[in-house]
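# Structure, please.
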Amino acid sequence: MGVMEETSGILRDAARIGDACVVAYSDGKDSRVVMDLCVRSFARVRGFFMELVPDLECVEDALDAARRRWGVEIVRYPHWLAAKLVKNGIYCDASWRVDNLPEWKLADVYALAMKDSGIDVLATGAKRADSGWRRRFMNTARQNSVINPIAGWVKYDVVSYLKARGIPLPPSSGHSATGIDLSTPSLLWLHDTYPDDFKRLCEFFPYAEAVVWRRKFYG
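Just a heads-up that it's a prediction; the model follows:
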């Protein structure tokens, strides 16, 4: 079975559950493909974005472009890793004051997105080729609720689909195109491309500036 046949089958089976779908949207290549597939397969589609830091211009620009392109509503939720990063003192001061922050899992975000939207099907851009962790999560997700339409795709398939549909590739740090994270390439991209957003991120993770100074010192 080819990847498109597998994808068509996944979407066709999901459409039997209902005529609506909520899409996990990061504005990366994979999520752009899944959003486009879903708006072609379901009568109603809603997206959600997981943000690490609120009110970033680069995020608003990306979501506004997606809303215009597909005519969908996209809401925002806190990223499931945010509390863990703060509790572990990643680029910030660890404090006992945040020890009681509740654990926030990816499955919790998915459940909230479905509850808020009243939609019983959630689509992600997860692929088996991504990582071992991603494959394990895909296997444990409830198959009748969370679907992975491009599970069997590889990067070439994703890029080819976007080109065929006239959908541009997203801007990228060269490391990750799934939103802003605390990886060095992502932080440097944000610093160079959206300096005001980088300052905003540093309000929450003040030691992220270390990556900029490291580049200045060592290249």
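
# With just CA atoms, put the longest strand belonging to the chain into PDB.
The strand that spans the most residues within the chain, counting by DSSP state E, is strand 44-51. Extracted C-alpha coordinates of strand 44-51, given in PDB (Å, rounded to 0.1, in the frame of the first residue of the first chain):
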ATOM      1  CA  ARG A  44     -15.600  21.400   9.800                       C
ATOM      2  CA  VAL A  45     -12.000  21.800  11.000                       C
ATOM      3  CA  ARG A  46     -10.600  23.500  14.000                       C
ATOM      4  CA  GLY A  47      -6.900  23.900  14.800                       C
ATOM      5  CA  PHE A  48      -4.900  24.300  18.000                       C
ATOM      6  CA  PHE A  49      -1.400  25.500  18.600                       C
ATOM      7  CA  MET A  50       0.700  24.700  21.700                       C
ATOM      8  CA  GLU A  51       2.700  27.800  22.700                       C
END
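
# Give me the distance from it to the chain's centre.
Distance of strand 44-51 from its chain centroid, counting by C-alpha atoms, centre = their mean, to the nearest Å, is 9 Å.

# Contacts for it, please.
Applying C-beta atoms under 8 Å, 6 or more residues apart in numbering, the contact partners of strand 44-51 are 19-27, 35, 38-39, 59, 63, 66, 70, 72-80, 109, 113, 117, 119, 179-180. Yep, even glycine has a C-beta here, placed from its N, CA and C like the rest.

# Quick one, which of those are buried?
Among the contacts of strand 44-51, those classed as buried by 16 or more other C-beta atoms under 10 Å are 20-27, 35, 38-39, 59, 63, 66, 70, 72, 74, 76-77, 79-80, 109, 113, 117, 119, 179-180.

# What about these, which are in helices?
Among the buried ones among the contacts of strand 44-51, the ones falling in helices (DSSP state H) are Met35, Cys38, Val39, Val59, Leu63, Ala66, Trp70, Val109, Ala113, Ser117.

# So which helix or strand of this structure has the lowest pLDDT on average?
Across the helices and strands of the chain, mean pLDDT, DSSP states H and E gives its lowest value to helix 132-140, namely a mean of 62.

# C-terminal to it, what's the next element?
Going down the chain from helix 132-140, the next helix or strand is strand 146-147, by DSSP states H and E.

# What is that next one packed up against?
Judged by 3 or more C-beta pairs under 8 Å, 6 or more residues apart in numbering; DSSP states H and E, strand 146-147 is in contact with helix 3-15, strand 122-123.

# Run through who's touching that strand.
Ile10, Leu11, Ala14, Tyr110, Val121, Leu122, Ala123, Thr124.

# From the chain's centre, how far out is it? Work that out for me.
Averaging C-alpha positions (C-alpha atoms, centre = their mean) puts strand 146-147 15 Å from its chain's average.

# now the very next helix or strand once past it: mean pLDDT?
The helix or strand immediately downstream of strand 146-147 is helix 155-165, counting by DSSP H and E. Throughout helix 155-165, pLDDT has a mean value of 95.
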